[in-house]
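Asks: predicted model, plus sequence, below.
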Amino acid sequence: MPTSDYDPACLPDLLPLYYRRLFPYSQYYRWLSYGGVSKNYFQNREFSFTLKDDIYVRYQSFSTQSELEKEMQKMNPYKIDIGAVYSHRPSQHNTVKSGTFQALEKELVFDIDMTDYDDVRSCCSAADICSKCWTLMTIAIRILDRALREDFGFQHLLWVYSGRRGVHCWVCDEAARKLSVAARSAVAEYLSLVKGGEETVKKVVLSEPIHPFISQSLIVVEHYFPQYAIVGQELLGSKASVDKVLSLLPEDILYELLNTYQTEKNPMKRWEQLRSAVHQKRATSKKGAQYFDKEIMLQYCYPRLDVNVSKGVNHLLKSPFSVHPKTGRISVPIDLKNLDKFDPFEVPTISLICEELDKPLAAAEEEEEEVKDKENETEPGERRKIRDYKQTSLAKYVKLFDQFLDAMARSRKGEILKKSDLQKEF
Amino acid sequence: MFQFIPKVFSGVQVRDLCRPLEFLHAKLVIHVFMDLTLRPGAQSCWNRKGPSPHCFHKAGMRDRTGKIIMQFSGRRKKVTLNQQHELYGHCLQFYCQPPLENISLTEFEGFAIDRLKLLKAVENLGVSYVKTTEQYKKKLHTEFSNLGFPHREEVDDLNSNKNLVGPTEYEKRRKDHISHFILRLAYCQTEDLRRWFIQQEMDLFRYRFSMLQSKYKTEFLHKNNLKYDTISADEKSNLKDQLINSSYAVSGTTVAEQDFYKVPFQDALDLVRTRKVFLKGGYAYIPHQDIVTIVLNDFRTRLSKALALTARSLPAVQSDERLQPLLNHLSHAYVGQDYSIQKNIGKVSLEQIDPLSGKSFPLCMRQLHKALRENHHLRHGGRMQYGLFLKGIGLTLDQALQFWRSEFIKGKVDADKFDKAYAYSIRHMFGKEGKRTDYTPYSCMKVILSNPPSQGDYHGCPFRHSDPELLKQKLQSYKLAPGGIMQILDLVKGMHYQLACQKYFELTHNIDDAGFSLNHPNQYFMESQKLLSGGREVKKEAEMPQRGQENTASNGPSVPPSRQHNTTQPLDDMGDLDSYFLDE
């Protein structure tokens, strides 16, 4: 297992190699320049580095790709965060009059962290994850991705594994980058269903009518729920867990079910009984909304967003292709076409890919031909770097990133054409 | 007198402050005139009694004390009048045009204070009631008529108003208009002030717009040239189900007749936030009866731009020694005391915190303290809310660092990690890091309305953010009498969280009436300390202000006694004008 190979103590030795030979600078620069449409977009972007011993350096900024490369190779940051595009170069933020240095734009970002699900998972807690609870992330991605595309009309969503226990989403559409703080918080609240802290037991309450967004989200949750929650998490298995679920129901149903559960031990059948009890109640009740079963499913599975990360324009978020210092895993893009197959434990660690550099893979050589075509256009150093990462298991993730960037470039081109067409009409 | 003219102009032309520069060439000279002999604080010397109800018709022309300068030629006079009739033709406006007339300093001040009272009422009611309920509307309506702001759709017949006592509808509209512009001056200076002002003005606008008959709504849209795209019948029938399920107000039978407006979702954030509108491809589909949202959005955009412009030209006003203190007082009035200035700094020792948390902490802080002691950790929201509160009761930075460190290192955080990861944020709180803002403790409003707690959080308002059942258990464990607990839970149910907390104060301090209206956790603490050290006399019911009692009476007998405080609360705040102008 590659995981066991990673030793945090080796990180200082591996980082120079990673930043010298593997980090996909050109894609990275291409991403954050956004086609160079607005001036100084890359140059006014804040980067922040976490160095050895948790030394935190904010307000870094770079004028060119090579400056970024040089600085990263010099500092070898343990972690890289990306902040906003500011009105001035962040590195000079102390030299401008206070109040004029302002965060102007940033991708709309979402941060989903497994620790926020601690009250609803039985397999792990805190920073630990396993393939069982990872389903929660899959559900979160499916729900949010659909809503951001269909409801909000965004197209360029980059989903990234955070390297440890969660996922990030970078919505990169121009409209998303320009959203105000109020709009970001409205989007985040629209997408939040689970509400309340330690002093709230029932965290999801549905009311009539069920908004189309909720119905759509329920389709996803209902698809995963039986296998994930009833079988995987044994939601209706142990006494403690059953009590927790039943505490979300009104008293009459609660007692009815306590009774039936004395004889019925099969968790799946128990769930069916719960559902039919709720349905029965709904049919006979005069009160409108009685969606206790749905509320339970949502409370246990619905994505839990860290709203504060999404709200602020100047909030920092860990950069894609940054290394997670604790696990050594690279923060890599997630392929939504194969989302159900994504396994966080298969994400390469820095020690793995550094090793792979030394022993070329057969697969990498096959692709060599393809690379050669492009090579004519690139500098020799660049060429070597491309060859380098292609040798490693990082390659497929960089490829995903490339596809994402290509799609963005295409739609940018479309926009420009549309604009020039409009101009001709005048 | 004439030598004063230039001075008047350089000092107090509101025009420059309210309008973008391109309007400078406007034909009409607009300025707030002032008595030039007046000095700040000497307003009362100006003996200006009982303006005739129609004085505004002649405003700017009257030479009342011989010190007021008349500017307009006869021809211009007419233009002014017509423009004003045009301006006040509808009972609601977007405040696009600044006032076109001269007003006296006394009127300036009076208008401003009345509007401030109105906005404070809007704020207070917004916390105590759901904004769409009848109760809220009724209460706000009372405030409107008490303070002399316009609340009728028709303008009175100018001839018939002789019989009426008090200002005419027309004058009220003028007051609405002018007072809005004065407060713009006072509230444009900082981000916080602007946010507060915009929020209250928006709530006010929402209420007033929603009270309009539909005929006047349409007229308003028309007058202000607000046009929104409607969707076609085809699109409507395709989206029928989604539209029906997105809003309470849309049903299968009404969907066909209703107009739906399609706007970018950014223009309808309030509906998006609460998921009360159908979204598709980045557009919000808004049913006609929710059109207020888009109108409000327009209102906000305009106001926010206007405030930014006003702020830019503010130095001109600040150079006027008569206006500046007045505006500063006005803008200070909005938060009341912010508990940032510490007289009692260093008076609390760390050993006292445990006993104090049981005796004198409001429930929210007691809860945070308990969670901190139990978990040896608090998440960011909790650290901010509790940390700033502790700062407010007098903890020094060194004490705070020691307090948090000693607790955190009992848990998973070692001293080294604490110094690296947490000490910074505590110094930050005290204004020693980053942009060096000396942060003020959170008010109840802030605790209740912003940053609700999520998984793992203990902050927020226990009355607002707890399950009633858990709250009940907690109160029982604190040995509150069952009757008292029921009263608290009733208040919570009615969403009167601050009143519930006040009741908690009364019950835990064994008094009948707290005698203050609670709006800040640090206020709770101070009042409790005052009481426990015997330094304060307990107020009795009988001392309630007259106006408050009239008000409760008008609510009829159905109001339970415990709610009475609520009625008096906003008024109580305002009964005493001086409290607005006390230096903290």
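Replies: Yep, that arrived. Residues are numbered from 1 along each chain as shown, chains lettered A, B, ... in the order given.
Asks: please list the residues of the stretch 401-550 of chain B that sit near chain A.
Replies: Proximity of the stretch 401-550 of chain B to chain A, by C-beta under 8 Å from any C-beta of the partner chain, involves residues B:417, B:420-421, B:435, B:451-460, B:462, B:465-467, B:469-471. (C-beta placed from N, C-alpha, C; glycine too.)
Asks: and with 7 Å instead?
Replies: Taking C-beta under 7 Å from any C-beta of the partner chain as the contact definition, the stretch 401-550 of chain B meets chain A at B:420-421, B:452-458, B:460, B:462, B:465-467, B:470.
Asks: tell me which of those is nearest to chain A?
Replies: Among those, B:Pro453 lies closest to chain A (C-beta to the nearest C-beta), at 3.0 Å.
Asks: that closest one contacts B:Gly381, doesn't it?
Replies: Yes: counting by C-beta atoms under 7 Å, B:Gly381 is a contact partner of B:Pro453 at 6.5 Å.
Asks: hmm, the helix ranked longest in chain A touching chain B?
Replies: For chain A, the helix that runs over the most residues, judged by DSSP state H, is helix A:395-425. No: Helix A:395-425 lies out of reach of chain B by C-beta under 7 Å from any C-beta, never closer than 14.0 Å.
Asks: average pLDDT across that helix?
Replies: Here helix A:395-425 scores 88 as its mean pLDDT.
Asks: give me every residue that touches whichever residue of the stretch 1-150 of chain B sits closest to chain A.
Replies: Nearest to chain A, among the residues of the stretch 1-150 of chain B, is B:Val130, at 14.1 Å (C-beta to the nearest C-beta). By C-beta atoms under 7 Å, 6 or more residues apart in numbering or on different chains, B:Val130 lies in contact with B:Tyr136, B:Met495.
Asks: among the residues of the stretch 401-550 of chain B next to chain A, name the ones in helices.
Replies: B:Pro462, B:His465, B:Leu470.
Asks: let's see if you can find the most crowded of those residues.
Replies: Neighbour counts for these, by other C-beta atoms under 10 Å in any protein chain shown, peak at B:Pro462, which reaches 27 neighbours.
Asks: that residue reaches B:Leu368, doesn't it?
Replies: No: using C-beta under 7 Å, B:Pro462 makes no contact with B:Leu368, being 9.6 Å away.
Asks: for the residue most central in space within chain A, which non-adjacent residue is closest in space?
Replies: Against the mean C-alpha coordinate of chain A, by C-alpha atoms, centre = their mean, the closest residue is A:His168 at 2.0 Å. Using C-beta to C-beta, 6 or more residues apart in numbering or on different chains and skipping the chain neighbours, the partner closest in space to A:His168 is A:Val160 (4.7 Å).
Asks: that neighbour: neighbour count?
Replies: Neighbourhood size, A:Val160 [other C-beta under 10 Å]: 24.
Asks: helix or strand: which one has it?
Replies: strand A:157-161 (DSSP states H and E).
Asks: kindly export that strand (C-alpha atoms) in PDB.
Replies: Only the C-alpha atoms of strand A:157-161 are listed here, as PDB (Å, rounded to 0.1, in the frame of the first residue of the first chain):
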ATOM      1  CA  LEU A 157     -16.800  23.200 -11.800                       C
ATOM      2  CA  LEU A 158     -13.500  21.800 -10.600                       C
ATOM      3  CA  TRP A 159     -14.000  19.200  -7.900                       C
ATOM      4  CA  VAL A 160     -10.900  18.400  -5.900                       C
ATOM      5  CA  TYR A 161     -10.000  15.900  -3.300                       C
END
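Asks: counting contacts, what elements does it pack onto?
Replies: strand A:166-171 (3 or more C-beta pairs under 7 Å, 6 or more residues apart in numbering or on different chains; DSSP states H and E).
Asks: what angle do the strand it packs on and helix A:395-425 make?
Replies: 20 degrees (axes from the mean of the first three to the mean of the last three C-alpha atoms, to 10 degrees).
Asks: who does the very next helix or strand once past strand A:166-171 touch, helix- and strand-wise?
Replies: Next helix or strand after strand A:166-171 toward the C-terminus (DSSP H and E): helix A:174-177. Packing partners of helix A:174-177 (3+ C-beta pairs under 7 Å, 6+ apart): none among the helices and strands.
Asks: quick one: contacts of helix A:174-177?
Replies: Outside helix A:174-177, the residues that reach it (C-beta under 7 Å, 6+ apart) are A:Glu105, A:Lys106, A:Glu107, A:Leu108, A:Phe154.
Asks: ok, 8 Å please
Replies: Identification of contacts with helix A:174-177 by C-beta atoms under 8 Å, 6 or more residues apart in numbering or on different chains yields A:Tyr34, A:Val85, A:Glu105, A:Lys106, A:Glu107, A:Leu108, A:Gly153, A:Phe154, B:Gly282.
Asks: thank you, goodbye.
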